[in-house]
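Asker: build me a structure from this.
(2 chains)
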Protein chains: 2
Amino acid sequence: MKPINRRGFLAASALAGPLAEFAASQTAPPAGAPAPADPEVTRILARYVVAARREDVPAAVRKEGTRTLLNWVGCAVGGSRHETLDAAIGALGPFSGPAQATVLGRKERLDALHAALMNGISSHIFDFDDTHPRTIVHPAGPVVSALLAFSEYRPVSGADFLHALILGVEVECRIANSVYPEHYDIGWHITGTVGPFGAAAAVGKLLGLSETQMAWALGLAAVQPVGLREMFGSMTKSFHAGRAAQNGFTAALLASRNFTSSVQGIEALRGWARVVSTAHKFGEITNGLGDHFEISTNTYKPFPCGIVIHPAIDACLQLRAQPGLDPRQVERVELRVNPLVLELTGKKTPQSGLDGKFSVYHAVAAALAFGRVGEPQFSDQTVRDPAVIALRERVTAVVDPAIAQDQVRVAIILKDGSRLEKSIEHAVGSEKNPMTDAQLEAKFSGLAEGILTPDRARKLMDLCWSIEKLPQASQVAVGAAG
Amino acid sequence: MKPINRRGFLAASALAGPLAEFAASQTAPPAGAPAPADPEVTRILARYVVAARREDVPAAVRKEGTRTLLNWVGCAVGGSRHETLDAAIGALGPFSGPAQATVLGRKERLDALHAALMNGISSHIFDFDDTHPRTIVHPAGPVVSALLAFSEYRPVSGADFLHALILGVEVECRIANSVYPEHYDIGWHITGTVGPFGAAAAVGKLLGLSETQMAWALGLAAVQPVGLREMFGSMTKSFHAGRAAQNGFTAALLASRNFTSSVQGIEALRGWARVVSTAHKFGEITNGLGDHFEISTNTYKPFPCGIVIHPAIDACLQLRAQPGLDPRQVERVELRVNPLVLELTGKKTPQSGLDGKFSVYHAVAAALAFGRVGEPQFSDQTVRDPAVIALRERVTAVVDPAIAQDQVRVAIILKDGSRLEKSIEHAVGSEKNPMTDAQLEAKFSGLAEGILTPDRARKLMDLCWSIEKLPQASQVAVGAAG
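Answerer: Numbering: from 1, shown residues only, chains lettered A, B, ... in the order given. Next up is the predicted model:
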């Protein structure tokens, strides 16, 4: 019995109520599938988002939401002049609607859906955005990109905006928790596949969707996953984050007009979770809603390169900051590192800026030479700088399985024979050693350099910090225009 | 060793050349994955599409492409006034760009990407569009929706348009062949998941993409699959076809601006085929390119309901056409049907128009009452029509496993005791009994009724039939404006 014989009957449009059940009953479950005894995951989640009140969100959670916003804005501004964004705007700009929303860091204004796409791309270009440690989702890209563009389309207070941001992150990270790691191991880029749910929930909250509409919005998000890990290393990776924002935003808009979908999009036998993953834990989605918030665990990268290299950079920056240390006096640098460091970043003679991100030797040399490690330290020019190369050639590394992934031991031997040492137990930006507000500001300033004046960057950070007090969340977007 | 430790290094943007390979090498294959000895499927397909010449396409293939176009235009016009499209345009219209392209059957003009979305939705609303029998893909929705909107954005001759249509269908159906049925069985709505490839290839052909750009376009299509079978019975099902068109169109536009992607998006270890399916046959994609054309097997539905019911409708329409048959003289109708007919469409007392699509009794009664079976015969009004109900109650059916799915035996006993019989060996519209051009025209006319005047419908069909001769393919779109 082939599906073709059954198809037409399942396909009739606008099936509702008992008929929808009838149609569903026509679809035989896959071999070995469990009985559909799961709770109404989608409805439970929709109900929570619709009913959630911002006054029930603890201050510490709202603070982390604010930090998430600030970090995301910095990343989006920082990526805004990259050729990736030039290409995307060049390709899709001719199809943009009214100039409703800001492309951060640029002069162009696009319709809100395209702005969400572009800002999501921009914020992920340097892979410098936030990370939900348990699932390696980048939560802000899909959610904040959609929300901020929406806030320029329809007025929303800063307090409501922040609440929606927290809820959107909650939804995407809970759904990620339910399928991680199996879903990621299959090859999906999880940020792009759970992102549409987060964006749909966040925008849907601001649109005031009913519970059923919110469930439809989640269903419309479920049918629009984006992203394969195969694309890592190409521009398409950052497209995933932006398209996820645009897709979720679209889902919420459609649902608000009663564009119907399944109300069991996540948990159904042929719903999202079973189709895109080999395992699922629906309790991760439904248990303890409102009791804890996933955004509380959000982390921010201090350096625009893979995190295994971060402990060594952290140590070298701290040593460099010691009074009197002159990089020209360095005789040699000895690193004791987790084995993964050389496996992933063992390039001794990087040739380009991007190559430099795969070289712990370069990263350490740049940290000592400049006293900071931002995107400029991974430029072609810096990687080819004779002074940096000279330092790089004095760096040696040995692996030690006893060194954890957020640890490192560094010794600097100066030409006068003196020795400086630094051990890092938990690198800055790791879960156990989060970036301080001041460090987030320094990162932001570095990203905005050359794009916004220092004065405008300062004002933009202040807008982010005060998001809860802003009459209009869109002030943040306007303040970030290039 | 958790993926989180590896992630950042794979994520650096704009990786190219040897670095891309380095990054790929950091990604451990999933447990038990085969060695990556597959041919360069994506590149082979891209090369074929880029090099293909329209003069190498046989006339019979071009004819089937023309029939595909005509059928699709009729379906898109027919669905254009449905509440599904009202909702979609209401939700997304405010974000549309310049009025570049026609929404078939309506007054609205939208930017070409949104027009592709809306026409794709419209053409699938009644589930009355074409079917690739081997995979139950609806080939035209994604491909023609994108192409026709593109043709209004940038001039393209009818001959080039038809060639791109044939190539787009080739690409999507070959990719579908490679993963069917496993991919469909998992729960994906295959039209929406392979559709972006077809739309990307078709639009990319007209954009004159290079081989590498075409491979990127396919990669960008690979990361944007749309559609879960869970959504069957809701408006979201037709959204799948439209969004697939829009996504593939977007992929081609981005690639044309050198927005980079993987050139192994289909076959890579973490590429599309392995991520969305439990099995794949890459030879289905690469073997015999240009030797045969998938569009040659395309089929068209004569009736807007599931195909198991089609043999009975076919028989009754033929009986009804016999001179002197008066439906009021029918004493009873006896059907001998394949078992699936009653399993799927055994509703004795349907309550609504949609319900009627699940009732062989209603379908047969409507065929005898009206002498035609189109969307009006599945309206609420028709299903509740006392004359139709009276006929319906005179229909009985028995199942017979010896009756194949495209067969039926029908006997009508008249009040005067006389008996009319009809056996159908292959129902009209099945692979072995394709709809004639005249039948396609009748279907088209029925769909256009009430939307276009008969004169305009006639002219629009003529435009479709003469597509190869048209200086501008966009004439078809303009001719279909509401």
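
Asker: hey, let's count contacts and neighbours off CA atoms from now on
Answerer: Fine.

Asker: against residue A:145, how distant is the residue most central in space within chain A?
Answerer: When C-alpha atoms, centre = their mean is applied to chain A, the residue found nearest the centroid is residue A:138 (2.2 Å). For residue A:138, the distance to residue A:145 equals 12 Å [C-alpha to C-alpha, to the nearest Å].

Asker: pLDDT of stretch A:89-100, averaged?
Answerer: In this model, stretch A:89-100 has a mean pLDDT of 98.

Asker: in that stretch, what's buried?
Answerer: Of all the residues in stretch A:89-100, those buried under the rule 16 or more other C-alpha atoms under 10 Å in any protein chain shown are A:89, A:91, A:92, A:93, A:95, A:96, A:97, A:99, A:100.

Asker: strands of the stretch 101-250 of chain A, start to end?
Answerer: Using DSSP state E, counting those that start in this stretch, the strands of the stretch 101-250 of chain A run over A:101-102, A:109-110.

Asker: run the chain-centre distance for the last one.
Answerer: Put plainly, it is strand A:109-110. Counting by C-alpha atoms, centre = their mean, to the nearest Å, strand A:109-110 is centred 22 Å from the centre of its parent chain.

Asker: please apply the same query to stretch A:115-131.
Answerer: 7 Å.

Asker: same question, stretch A:349-357
Answerer: 24 Å.

Asker: just the residues contacting it, thanks.
Answerer: A:305-306, A:345, A:347, A:358-359, A:362-363, A:377-384, B:9, B:12, B:15, B:19 (C-alpha atoms under 8 Å, 6 or more residues apart in numbering or on different chains).

Asker: let me see the mean pLDDT of stretch A:103-118.
Answerer: Averaging pLDDT residue by residue across stretch A:103-118 gives 98.

Asker: for chain B, what are the nearby residues on the stretch 101-250 of chain A?
Answerer: Selection of the stretch 101-250 of chain A residues close to chain B by C-alpha under 8 Å from any C-alpha of the partner chain yields A:111-113, A:125-127, A:133, A:135-136, A:185-188, A:219-220, A:222-238, A:240, A:250.

Asker: of these, which belong to helices?
Answerer: Of the positions in those, A:112, A:113, A:185, A:186, A:219, A:220, A:222, A:236, A:237, A:238, A:240, A:250 sit in helices, assigned by DSSP state H.

Asker: the first one against residue A:101, yeah?
Answerer: Yes: with contact defined as C-alpha atoms under 8 Å, residue A:112 counts as touching residue A:101 (5.2 Å).

Asker: overlap in contacts of these two?
Answerer: A:149, A:150, A:152, A:153.

Asker: check contacts around the residue nearest to the second one when sequence neighbours are not counted.
Answerer: What it means is residue A:150. Distance criterion C-alpha to C-alpha, 6 or more residues apart in numbering or on different chains; nearest residue to residue A:150, sequence neighbours excluded, is residue A:112 at 6.1 Å. Residue A:112 makes contact with A:99, A:100, A:101, A:149, A:150, A:152, A:153, B:95, according to C-alpha under 8 Å, 6+ apart.

Asker: and the closest residue to residue A:263 other than its chain neighbours, how many residues sit next to it?
Answerer: Using C-alpha to C-alpha, 6+ apart and skipping the chain neighbours, the partner closest in space to residue A:263 is residue A:215 (5.1 Å). For residue A:215, the count of nearby residues is 33 (other C-alpha atoms under 10 Å in any protein chain shown).

Asker: you'd agree residue A:396 is in a strand?
Answerer: Yes: counting by DSSP: H, G, I helix; E, B strand; the rest coil, residue A:396 is part of a strand.

Asker: now it: how far from chain B?
Answerer: Distance from residue A:396 to chain B, counting by C-alpha to the nearest C-alpha, to the nearest Å: 20 Å.

Asker: pretty sure that residue sits against residue A:333.
Answerer: Yes: the pair residue A:396 and residue A:333 qualifies as a contact (C-alpha under 8 Å) at a distance of 6.2 Å.

Asker: which of those two has more residues huddled nearby?
Answerer: residue A:333 (24 against 14).

Asker: which helix or which strand is home to the more buried one?
Answerer: Element membership of residue A:333 [criterion: DSSP states H and E] is strand A:330-337.

Asker: keeping just the C-alphas, turn stretch A:235-249 into CSV.
Answerer: Output in CSV follows, covering the C-alpha atoms of stretch A:235-249 (Å, rounded to 0.1, in the frame of the first residue of the first chain):
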residue,chain,number,x,y,z
MET,A,235,28.6,32.3,4.3
THR,A,236,25.6,30.0,4.6
LYS,A,237,26.3,29.4,8.2
SER,A,238,25.4,32.9,9.2
PHE,A,239,22.4,32.8,6.8
HIS,A,240,21.0,30.0,9.1
ALA,A,241,20.7,32.4,12.1
GLY,A,242,19.1,35.1,10.0
ARG,A,243,16.7,32.9,8.1
ALA,A,244,15.6,31.3,11.3
ALA,A,245,14.7,34.8,12.6
GLN,A,246,12.8,35.6,9.4
ASN,A,247,11.0,32.3,9.4
GLY,A,248,9.8,32.5,12.9
PHE,A,249,8.7,36.1,12.4
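
Asker: averaged pLDDT, that stretch. What do you get?
Answerer: 98.

Asker: closest residue of the stretch 51-200 of chain A to chain B?
Answerer: residue A:97 (3.3 Å; C-alpha to the nearest C-alpha).

Asker: and that residue, how close does it get to residue A:76?
Answerer: 21 Å.

Asker: and for the one residue in the stretch 301-450 of chain A that gets nearest to chain B, the neighbour number?
Answerer: As assessed by C-alpha to the nearest C-alpha, chain B sits closest to residue A:306 within the stretch 301-450 of chain A, at 3.6 Å. Per other C-alpha under 10 Å, the neighbour tally for residue A:306 reads 24.

Asker: measure it to residue A:335 for me?
Answerer: For residue A:306, the distance to residue A:335 - C-alpha to C-alpha - is 17 Å.

Asker: what does the stretch 301-450 of chain A put close to chain B?
Answerer: Checking the stretch 301-450 of chain A against chain B by C-alpha under 8 Å from any C-alpha, the hits are A:305, A:306, A:307, A:308, A:340, A:344, A:345, A:354, A:355, A:357, A:358, A:405.

Asker: identify, from those residues, the entry nearest to residue A:461.
Answerer: residue A:305 (23.1 Å; C-alpha to C-alpha).

Asker: so, low pLDDT: which residues of the stretch 251-400 of chain A?
Answerer: Counting by pLDDT under 70, the stretch 251-400 of chain A contains no low-confidence range.
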